[in-house]
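Trainee: Fold the stuff below for me.
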Amino acid sequence: MSRVTEPADVTETRAAYDLVAEDYAELLRGDLAGSEYDRAMLGVFAEQIARAGGGLVGDLGCGPGRIAGYLAGLGMDVAGIDLSPRMVEVARREHPGARFEVGSMAALPLGDAELAGALAWYSIIHTPDDRQGELFAEFARVVRPGGVVLLAFQVGSDVVHLTHAYGHDLDLRTRRQEPGRVRARLAEAGFVFTSELVRAPVAPEKVPQAYVMARRAN
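Mentor: Numbering: from 1, shown residues only. From the prediction side, this is the model:
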């Protein structure tokens, strides 16, 4: 029987985030308190989920769980999923009010239409362009009709190769995204675009930051 080989970028991403998990969590601790735009978009997301009757929300690529923890604090039922086992360990320790599991965004450990909503908060940025369609199709599989998705990402079209970050030498690539292309991928996967916000960078950010929200078609 042939063995399925994991894409090199997946291995690279897991290794990098396993390495930096503790320092990453510490660096971003309290970050939401200083970002009114982040809190505003998360608030809109939470309100739309509640208005539709509530249900389980997936934080896809949850890292150390700071967004999942914030949403749990708003009274939401949240499950965080991340590729990095070390990130999941940190998330479980720091945010006991949410559930966390190791898993890939390209093959989520979730049933069809299990989620009332999902967010990918700066987590689609590690998937190469030629596999992003698969990622969005997987989001569509796990989000119920009428469910909400929220994506956050850096704006651009270039690939940034990080060799040192969060106090560690590492090997990690991040891919900036064009909002129009993200909207097109969402539409191809069966989502209906509802809103978008692009804001200017705030130091140490170097490029604009975008938030795109959509609804799973009925």
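
Trainee: ok, now how distant is G65 from T127?
Mentor: Using Cβ to Cβ, to the nearest Å, we find G65 at a distance of 20 Å from T127. Quick note: C-beta positions are derived from backbone N, CA and C, even for glycine.

Trainee: The two - which one has more neighbours?
Mentor: Higher neighbour count among G65 and T127: G65, with 28 against 22, using other Cβ atoms under 10 Å.

Trainee: What residues does the residue nearest to the more buried one when sequence neighbours are not counted make contact with?
Mentor: Spatial nearest neighbour of G65, excluding adjacent residues (Cβ to Cβ, 6 or more residues apart in numbering): A91 at 3.0 Å. Shown in contact with A91 (Cβ atoms under 8 Å, 6 or more residues apart in numbering): 62-65, 68-69, 80, 82, 98, 100.

Trainee: model confidence over the helix ranked longest in the chain, on average?
Mentor: Ordering each helix of the chain by length in residues (DSSP state H) puts helix 8-28 first. Computed over helix 8-28, the mean pLDDT rounds to 96.

Trainee: Check stretch 65-73 too.
Mentor: In this model, stretch 65-73 has a mean pLDDT of 96.

Trainee: Could I get the buried residue list for it?
Mentor: 65-72 (16 or more other Cβ atoms under 10 Å).

Trainee: mind listing what the residue nearest the centre of the chain touches?
Mentor: Centroid check for the chain by Cα atoms, centre = their mean gives A120 as the closest residue, at 2.1 Å. By Cβ under 8 Å, 6+ apart, A120 lies in contact with 60-61, 105, 139, 149-152.

Trainee: all strands for this protein, in order.
Mentor: All strands of the chain, identified by DSSP state E, fall at 56-60, 77-82, 99-102, 115-121, 143-154, 159-165, 168-175, 191-199, 209-216.

Trainee: In a markdown table: the ones you listed, plus mean pLDDT and distance to A8.
Mentor: Output for these, formatted as a markdown table (pLDDT from 0 to 100; distance: least, Cβ to Cβ, whole Å):
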| stretch | mean pLDDT | distance to A8 |
| --- | --- | --- |
| strand 56-60 | 98 | 21 |
| strand 77-82 | 98 | 19 |
| strand 99-102 | 97 | 19 |
| strand 115-121 | 98 | 21 |
| strand 143-154 | 98 | 22 |
| strand 159-165 | 95 | 13 |
| strand 168-175 | 95 | 10 |
| strand 191-199 | 98 | 29 |
| strand 209-216 | 98 | 27 |
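
Trainee: Can you say which of these is nearest to I49?
Mentor: strand 115-121 (4.7 Å; Cβ to Cβ).

Trainee: partners of the closest one in the sheet?
Mentor: Next to strand 115-121 in the sheet, as set by DSSP bridges, lie strand 56-60 (parallel), strand 143-154 (parallel).

Trainee: among those strands, which is the most enclosed?
Mentor: A comparison of these by mean neighbour count, using mean count of other Cβ atoms under 10 Å, puts strand 56-60 on top with a mean of 26.

Trainee: Can you get me the centre-to-centre distance for that one and its chain?
Mentor: In this view, strand 56-60 has its centroid 9 Å away from the chain centroid, taken as Cα atoms, centre = their mean, to the nearest Å.

Trainee: Looking at strand pairing, list the partners for F100.
Mentor: When bridges are called by DSSP bridges, F100 pairs up with G80.

Trainee: Now for it: which residues touch it?
Mentor: 62, 65, 68, 79-82, 88, 91-92.
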